[in-house]
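*Asks:* Sequence and predicted structure are below.
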Amino acid sequence: MKQSETPSALTILFGATGDLAKRKLYPSLYRLYRKGHLESGFAVIGTARRPWDNDVFREHVKKSVMESTSVHDKIDDFVSHFYYLPHDVSDSESYAALRTLSNELDEQYSLNGNRLFYLAMAPEFFGTIADHLKSDGLTDTNGFGRLVIEKPFGHDLPSAKELNAQIRRSFDEKDIYRIDHYLGKEMVQNIEAIRFANALFEPLWNNRYISNIQITSSETLGVEERGGYYETSGALKDMVQNHMLQMVSLLAMEPPISLQDEEIRREKVRAFRSMRPLTPETVSDYFVRGQYGPNEEEALPGYREETNVNPESNTETYVAGKIMFDNFRWAGVPFYIRTGKRMPLKSTKIVVQFKDIPMNLYYRPDDKEMEPNLLVIHIQPEEGITLHLNAKRAGHQLQTTPVKLSYANSGVDIMNTPEAYEKLIHDAMRGDSTNFTHWDEVSLSWSFVDVIAEAWRNEKAPFPNYPANTKGPKASDELLEQDGFFWWPMNMLDVDICN
Ligand SMILES: NC(=O)C1=CN([C@@H]2O[C@H](COP(=O)(O)OP(=O)(O)OC[C@H]3O[C@@H](n4cnc5c(N)ncnc54)[C@H](OP(=O)(O)O)[C@@H]3O)[C@@H](O)[C@H]2O)C=CC1
Ligand SMILES: O=C1O[C@H](COP(=O)(O)O)[C@@H](O)[C@H](O)[C@H]1O
């Protein structure tokens, strides 16, 4: 579908007074508006319990946009499309009022009955809201009715199944858009283009030429004010079950026969299915965990000192793991992943390490081993690609020197890079579900992660095991050392910005 073909639609936002709406959703809608993607008509109804009115809500939306960008053209026209309805999600009467307002706005803005129901609320409400939307007639229009839901989708496979069954009572799978915001990131979407639009890589994309793949997503922040949620989640469920495994599946999948959403999904699901399953006995061979402790020199608290965290908490704030695929393409190639809070760097990168050449004809002046070729995909904060090669050292017949070929989204490109949420909201409006997670992917990733979570629940860890603002527990390095590898240092891999 072309960018210009965004249909007119009413967005009904549950959780309109919340943090996600303020920080991500309103600024993203404004960016879509400024780029002209909402020209065919739009209106937004925000709902939450707070007794706000349209004016208070519009001021709130305006403020959130102003805080996120220095460009504010036509902001008053933009916010004039926003309406607020105080609403308790478990109260039937609220839905009658919502239906009346929706029908009025549908007519006023000629929205053709198209509706996007965006649930930016705690997951325990998802089932109730979906039920009411159907039983109280909000889905009963001639246009589309799509349900956009935030993570977490359950906290294990049984709860995810239950939640799925609940929302499927009211919505078909094709109308359910499960958000994984990593799939909206420009360079995550670029993984497919790098693989399938270059003659150079796809022939090498297998166990004959690749020795291992490393994905790192590190954060400098701690849990901040989300201790309550994080205690029930930990890094495994917060980051690995969704974002990390999604990136793994895009790297491991077979080429799809087209870029249609169902074709890509089919290949991702096949990749998930070929991940080697773990057992309670093998978990510790493949996965390790960590929890940050205090860093007194830098006055950083440990995880156990954070608000709403149990002082004896066994929750992991760091995970490193090795994922093996039992299929022809990847047999023997480890995919290493690691993610953690309170690390020294905010950075997400993928490193594809190629195998060494079979025989070395050159040497390095410092007697070091020649470095392997690396393809580095910089997801954030910088966006780009770097290819690490070896070239002849000028003036020396037999010596090589490492060189980098870099492409970085910079200047105009980076300013035009859509925010992940902007892209995903736009996709949901256009009915493109490629970058949303299908139930099959969710259920397979929970099956994989549940075994690890269960093993860890049953065994107390020697936490804390890394000080805040350091690179994680020793066990993470050992995981690779036992296979003869090491984590490529993040700072060494920084992309050179070419303007
Ligand atoms: N914040 C973030 O960065 C991210 C959040 N998410 C997910 O997004 C969702 C929302 O998160 P977040 O915005 O942080 O949460 P908040 O706690 O900030 O917001 C929750 C919202 O729900 C409303 N609410 C709570 N109870 C009811 C009720 N009974 N009836 C109607 N409205 C109610 C609250 O408004 P009121 O009190 O006025 O009723 C508020 O608007 C969660 O699923 C979270 O996991 C995902 C990724 C990142
Ligand atoms: O979903 C989540 O992601 C963020 C990290 O996202 P990023 O885009 O900043 O990399 C993480 O902080 C949060 O705990 C988790 O819920």
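*Replies:* Looks like it arrived, so ask away. Please read these numbers as outputs of a predicted model, since none were measured by experiment. Numbers count the residues shown, from 1 in each chain. Ligands and ions are numbered 1, 2, ... in the order given.
*Asks:* packing partners for the helix or strand harbouring residue 425?
*Replies:* In this assignment (DSSP states H and E), residue 425 forms part of helix 420-430. Applying 3 or more Cβ pairs under 8 Å, 6 or more residues apart in numbering; DSSP states H and E, one finds that helix 420-430 contacts helix 26-34, strand 115-119, strand 145-149, strand 176-178. Using the backbone N, CA and C atoms, a C-beta is placed for each residue, glycine as well.
*Asks:* Can you say which of these is nearest to residue 431?
*Replies:* Closest to residue 431 of these is strand 145-149 (Cβ to Cβ; 7.4 Å).
*Asks:* coming back round to it: save the helices and strands packed on helix 420-430 as a markdown table, and put in mean pLDDT too.
*Replies:* Output for the helices and strands packed on helix 420-430, formatted as a markdown table (pLDDT from 0 to 100):
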| stretch | mean pLDDT |
| --- | --- |
| helix 26-34 | 96 |
| strand 115-119 | 98 |
| strand 145-149 | 97 |
| strand 176-178 | 97 |
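*Asks:* possible to save those as JSON lines with mean neighbour count?
*Replies:* As requested, the helices and strands packed on helix 420-430 are exported to JSON lines (neighbours: other Cβ atoms under 10 Å):
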{"stretch": "helix 26-34", "mean neighbour count": "23"}
{"stretch": "strand 115-119", "mean neighbour count": "22"}
{"stretch": "strand 145-149", "mean neighbour count": "23"}
{"stretch": "strand 176-178", "mean neighbour count": "22"}
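*Asks:* could the ones you listed go into a markdown table alongside distance to ligand 1?
*Replies:* Formatted as a markdown table, the helices and strands packed on helix 420-430 follow (distance: least, Cβ to the nearest ligand atom, whole Å):
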| stretch | distance to ligand 1 |
| --- | --- |
| helix 26-34 | 12 |
| strand 115-119 | 8 |
| strand 145-149 | 8 |
| strand 176-178 | 11 |
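*Asks:* residues in this structure within reach of ligand 2, list them.
*Replies:* 217, 219, 238, 348 (Cβ under 6 Å from any ligand atom).
*Asks:* And the pLDDT for the closest residue to the second one other than its chain neighbours?
*Replies:* Meaning residue 219. Nearest residue to residue 219 in three dimensions, chain neighbours excluded: residue 341, at 5.1 Å (Cβ to Cβ, 6 or more residues apart in numbering). On pLDDT, residue 341 comes in at 98.
*Asks:* again with residue 1
*Replies:* pLDDT for residue 1: 42.
*Asks:* before we move on, the earlier item: I'd like the distance from the helix holding residue 425 to the chain centre, please.
*Replies:* Chain-centre distance of helix 420-430: 14 Å, with Cα atoms, centre = their mean, to the nearest Å.
*Asks:* Show me what counts as buried in the helix or strand that comes right after it.
*Replies:* Next helix or strand after helix 420-430 toward the C-terminus (DSSP H and E): helix 439-457. Under the neighbour-count criterion of 16 or more other Cβ atoms under 10 Å, helix 439-457 has 439, 441-453, 455-456 buried.
*Asks:* ok, the residue nearest to residue 219 - how many residues close by?
*Replies:* Here the number of neighbours of residue 341 (other Cβ atoms under 10 Å) works out to 24.
*Asks:* Likewise for residue 328?
*Replies:* Neighbourhood size, residue 328 [other Cβ under 10 Å]: 10.
*Asks:* Do you know the pLDDT at the nearest residue to residue 273 once chain neighbours are set aside?
*Replies:* Distances taken as Cβ to Cβ, 6+ apart place residue 444 nearest to residue 273, at 6.4 Å, with adjacent residues excluded. On pLDDT, residue 444 comes in at 98.
*Asks:* isn't residue 444 right up against residue 271?
*Replies:* No: Residue 444 is beyond contact range of residue 271, at 9.3 Å (criterion: Cβ atoms under 8 Å).
*Asks:* returning to what we had before: the residue nearest to residue 219 contacts residue 226, correct?
*Replies:* No: under the criterion of Cβ under 8 Å, residue 341 is not in contact with residue 226, lying 10.2 Å apart.
*Asks:* Which single residue in the stretch 301-450 of the chain comes nearest to ligand 2?
*Replies:* Nearest to ligand 2 in the stretch 301-450 of the chain, going by Cβ to the nearest ligand atom, is residue 348, at a distance of 5.9 Å.
*Asks:* hey, what's that residue bridged with?
*Replies:* Counting by DSSP bridges, residue 348 forms beta bridges with residue 217, residue 380.
*Asks:* Let me see the contact set for it.
*Replies:* By Cβ atoms under 8 Å, 6 or more residues apart in numbering, the contact set of residue 348 is 215, 216, 217, 218, 379, 380.
*Asks:* nearest to ligand 1, of those residues?
*Replies:* The closest of the contacts of residue 348, once distances to ligand 1 are taken by Cβ to the nearest ligand atom, is residue 217, at 14.1 Å.
*Asks:* so who does the closest one touch?
*Replies:* Residue 217 is in contact with 239, 243, 244, 338, 339, 347, 348, 379, counting by Cβ under 8 Å, 6+ apart.
*Asks:* Filter those down to the buried ones, PyMOL style.
*Replies:* A single PyMOL command selects the buried members of the contacts of residue 217 (16+ other Cβ under 10 Å):
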select buried, resi 239+243+244+338+339+347+348+379
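*Asks:* What distance do you get for the residue lying closest to residue 95 once chain neighbours are set aside to ligand 2?
*Replies:* Nearest non-adjacent residue to residue 95, counting by Cβ to Cβ, 6+ apart: residue 136, 3.6 Å away. Distance, residue 136 to ligand 2, using Cβ to the nearest ligand atom, to the nearest Å: 31 Å.
*Asks:* okay, now residue 136: neighbour count?
*Replies:* For residue 136, the neighbour count with other Cβ under 10 Å is 17.
*Asks:* So for residue 246, what's the pLDDT?
*Replies:* Reading off the model, residue 246 has pLDDT 98.
*Asks:* quick revisit: out of the contacts of residue 217, who's nearest residue 167?
*Replies:* Distance to residue 167 across those (Cβ to Cβ) is lowest for residue 243, with 21.4 Å.
*Asks:* State the phi and psi torsions of the closest one.
*Replies:* Residue 243 adopts backbone torsions of phi -60, psi -50, taken as degrees, to the nearest 10.
*Asks:* Could you verify my assumption that residue 466 touches residue 473?
*Replies:* Yes: assessed by Cβ under 8 Å, residue 466 is found in contact with residue 473 at 4.8 Å.
*Asks:* joint contacts of those two?
*Replies:* Applying Cβ under 8 Å, 6+ apart, one finds that residue 466 and residue 473 are jointly contacted by 290, 318.
*Asks:* Now do the contacts for the residue of the stretch 101-250 of the chain found nearest ligand 1.
*Replies:* Of all residues in the stretch 101-250 of the chain, residue 150 sits closest to ligand 1, at 3.6 Å by Cβ to the nearest ligand atom. With contact taken as Cβ under 8 Å, 6+ apart, residue 150 is in contact with 20, 119, 120, 121, 123, 179.
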